[in-house]
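Asks: here is my input, please return the structure:
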Amino acid sequence: MRRRIFPEDKQELRWSRFKELGEAASMFQVVGERVFPFLRELGGEESAYATHMRDARFTIPTPALLTKGDIRACAASRQASSPSGPQSAGSAALTNPW
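Replies: Residues are numbered from 1 along each chain as shown. The predicted structure follows:
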């Protein structure tokens, strides 16, 4: 059985759900205050993932960016344009597990 990233009580944190809010400011608030903290804590406090995410920051600069398309495109673009290659887990680039 495949492990679920989002438990039943966290389904509203999926991109496919919160993007339906429509309003950029609402989506930005959900991502910054609920989704990103949830992603930082995946795997438990002592996991390798949590260790690498410890210093991660939510740095999507404006709410409008969330309405310009899939956040995966933003993350892929940042990684591709980075002079040092793919960014570390503590960087602003996010992958989209939705």
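Asks: show me where pLDDT drops low in the protein?
Replies: Low-confidence segments of the chain, defined by pLDDT under 70: 1-3, 68-98.
Asks: mind listing the helices for it?
Replies: Along the chain, the segments classed as helices by DSSP state H run 15-18, 24-30, 36-40, 48-53, 71-81.
Asks: list the buried residues of the shortest one.
Replies: Residues of helix 15-18 classed as buried: 15, 18 (neighbour count, 16 or more other CB atoms under 10 Å). Using the backbone N, CA and C atoms, a C-beta is placed for each residue, glycine as well.
Asks: against which helices or strands is it packed?
Replies: On a contact count with 3 or more CB pairs under 8 Å, 6 or more residues apart in numbering; DSSP states H and E, helix 15-18 meets no helix or strand.
Asks: again, only using 10 Å
Replies: helix 24-30 (3 or more CB pairs under 10 Å, 6 or more residues apart in numbering; DSSP states H and E).
Asks: alpha carbons of the helix it packs on, in CSV - could you do that?
Replies: Extracted in CSV, the C-alpha atoms of helix 24-30 (Å, rounded to 0.1, in the frame of the first residue of the first chain):
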residue,chain,number,x,y,z
ALA,A,24,-4.5,34.7,-4.5
ALA,A,25,-4.3,36.2,-1.0
SER,A,26,-6.3,33.3,0.5
MET,A,27,-4.1,30.8,-1.3
PHE,A,28,-0.9,32.6,-0.1
GLN,A,29,-2.1,32.5,3.5
VAL,A,30,-3.0,28.8,3.4
